[in-house]
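>>> please find the sequence and the predicted model below.
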Amino acid sequence: MARHFGAVGSALVATALSGLTATTGAEPAAARDAAAPLVVADAKADYLRKLAAYQAARQAFEEVSAPYWDQVRQKRQMRNAKRRSGETIVAEDYVLAQPPLYSGPPRPVPPPEERDHLPPRPPLPVVADFLRHALEEYRFAPTRPASEIDFKRAYAKVAGAAGLTSEQAVRVYAFEVGGNGKYDTQAGLEEDRPGAHAISTALGYNQLLNTNSVEIMAEQGQRFGVVLKDKLAGLAGAARTALIRKIEVVRDMTTFCRSVPDHWNEHERLGTTAKGLAVHAMNLDIDVGPLLQTQKLLDSVIFAHRKGYGTPLTAAELEMMNLTGDGNGYDMVTIAEDMRERIPTSNFFLRNGYERNPVAIRNNTVAKLLAATNSIMNKGSTLQGAKDLAAAF
């Protein structure tokens, strides 16, 4: 794009050109220094122009998107009321149109001089941070497994005893961590590649968020302590002392996690604290980690059962509850087969979650999303990690 500098700019250009024949090179350097403010001003003006275009496009999009998501929320409330009164849910109880998708210009990147004024985004905590907080806040280091297969065996034992089937556990594992994930796999760091970075705190075979860990510890920590006490029988010496210490830590963590009302937003707040991130580190412990990971899936099974869903959940249905939350997932899996082709997946997500989920956007009906989930599970189940987990059951 041609730029018009005016009289001052022309003089600067002339000076720069004349400087090409100079022996000292002083004039070109001076010209560049003099022109620098103009380049900066031009970059800022270009950024502001693009920003205005982006904001106008987003505003136009918001005017059609906000009413759509309001309708999704209202229809969800209506379905919940109908279920409570025992009424049959029909297709018209869902929003049948697909949501509007933003197709305008992207948010422009500020020029360097503008970015310097922006506060840096704090990095997401990773496994090393979880372990550090556990040591600093509780003077405790999780007992790491001697090998990956040891953790798989511990998880399979807990999950099987809780009533989860091998198919459910293995196929959810295949979906969540790709079929070869390890017990300490964090979202975004599934593969050891240059430039990889964590995209969330999701951790382990079933990808628990730090909020999940806090919530489960609040609700089940006392029971976890009982399970650990049962393991004391037959232990002696250092092993017994270590397990007693672990029981004390679980008790203290449970007390901390119960220090707020049993609501997701409250647990989310605790999960970002040093003590909350320390709780998340327990997913890496060979005794407590399998309990946390199992409970995440078991809670969904129990939720469906309490709602009267008598059919065992398929792995894909269980994953829908794991992915969208128990209430939305239950709403999805109870849709009649003949309606699944018609109902958009947007009905089962909050707006922000949907717009950040390319899988749900691409597979935009219940039938398509379940089919895509099964396809990913089928592929992941053929990999060695999934085979090892299946063999552990």
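Here it is on my side, so go on.
>>> run the chain-centre distance for the lengthiest helix in the chain.
If you go by DSSP state H, the chain has its longest helix at helix 26-84. Put simply, helix 26-84 sits 24 Å off its chain's centre (C-alpha atoms, centre = their mean, to the nearest Å).
>>> check which helices and strands it sits against.
If you count contacts as 3 or more C-beta pairs under 8 Å, 6 or more residues apart in numbering; DSSP states H and E, helix 26-84 packs onto helix 6-18, helix 112-115, helix 326-333, helix 351-355. Heads up, the C-betas are built off the backbone N, CA and C, glycines and all.
>>> lowest average confidence across those, which one?
When the helices and strands packed on helix 26-84 are compared on mean pLDDT, helix 6-18 scores lowest, with a mean of 39.
>>> tell me where the model's unsure across the chain.
Residue ranges of the chain with pLDDT under 70: 1-40, 114-118.
>>> how near is the most centrally placed residue in it to Pro99?
What sits nearest the mean C-alpha location of the chain, by C-alpha atoms, centre = their mean, is Ser200, with 4.9 Å. Applying C-beta to C-beta, to the nearest Å, the value for Ser200 to Pro99 is 23 Å.
>>> go on, Gly310?
33 Å.
>>> list the residues that contact Glu190.
The contact partners of Glu190, by C-beta atoms under 8 Å, 6 or more residues apart in numbering, come to 177-178, 181.
>>> mark which of those are buried, thanks.
Neighbour-count burial (16 or more other C-beta atoms under 10 Å) applied to the contacts of Glu190 gives 177-178, 181.
>>> narrow those to those in strands?
Of those, none are assigned to strands by DSSP state E.
>>> out of the residues you listed, flag the one nearest to Met320.
Set against Met320, the nearest of those by C-beta to C-beta is Val177 (17.3 Å).
>>> picking that back up, give me the angle between the longest helix of the chain and helix 326-333.
For helix 26-84 against helix 326-333, the angle by axes from the mean of the first three to the mean of the last three C-alpha atoms, to 10 degrees is 70 degrees.
>>> could you dump the contacts of Glu190 to JSON lines with distance to Ile247?
Converted to JSON lines, the contacts of Glu190 look like this (distance: C-beta to C-beta, whole Å):
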{"residue": "Val177", "distance to Ile247": "29"}
{"residue": "Gly178", "distance to Ile247": "34"}
{"residue": "Gly181", "distance to Ile247": "29"}
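>>> tell me how the chain divides into domains.
The chain breaks down by automatic domain parsing into domains covering 6-115, 127-392.
>>> ok but His197 is inside a strand, no?
No. If the criterion is DSSP: H, G, I helix; E, B strand; the rest coil, then His197 is coil and not within a strand.
>>> ok, it touching Leu189?
Yes. Counting by C-beta atoms under 8 Å, Leu189 is a contact partner of His197 at 7.4 Å.
>>> can you pull out the helices in the stretch 151-300 of the chain?
Applying DSSP state H, counting those that start in this stretch to the stretch 151-300 of the chain gives helices spanning 166-177, 210-230, 237-257, 264-271, 274-280, 289-306.
>>> neighbours around Trp378, how many?
Slight slip there: residue 378 is Asn, not Trp. Other residues within reach of Asn378, judged by other C-beta atoms under 10 Å, total 13.
>>> what helices and strands are in contact with the helix or strand containing it?
Using DSSP states H and E, Asn378 sits within helix 366-380. Judged by 3+ C-beta pairs under 8 Å, 6+ apart, the packing partners of helix 366-380 are helix 166-177, helix 315-324, helix 358-362.
>>> tabulate the ones you listed (CSV), appending distance to Val288.
As requested, the helices and strands packed on helix 366-380 are arranged in CSV below (distance: least, C-beta to C-beta, whole Å):
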stretch, distance to Val288
helix 166-177, 18
helix 315-324, 20
helix 358-362, 30
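>>> surely Trp264 and Val214 touch.
No. Applying C-beta under 8 Å, one finds Trp264 not in contact with Val214, separated by 9.8 Å.
>>> looking at the two, which is more packed in?
Taking neighbours as other C-beta under 10 Å, Trp264 and Val214 compare with Val214 leading, 31 against 13.
>>> distance of that one from Arg342?
As judged by C-beta to C-beta, Val214 and Arg342 stand 38 Å apart.
>>> same check, this time on Tyr54
Per C-beta to C-beta, Tyr54 is found 34 Å from Arg342.
>>> likewise Leu235?
Distance, Leu235 to Arg342, by C-beta to C-beta: 57 Å.
>>> equivalent analysis for Gly221, please.
Gly221 is 43 Å from Arg342, by C-beta to C-beta.
>>> of these two, which one has the most company?
Counting neighbours by other C-beta under 10 Å for Gly221 and for Arg342 shows that Gly221 has the greater number, 24 against 13.
>>> what sits against the closest residue to the more buried one other than its chain neighbours?
What sits nearest to Gly221 in space, not counting adjacent residues and going by C-beta to C-beta, 6 or more residues apart in numbering, is Thr254, at 2.9 Å. By C-beta under 8 Å, 6+ apart, the contact set of Thr254 is 217-218, 221-222, 224-225.
>>> with that, I have no additional questions.
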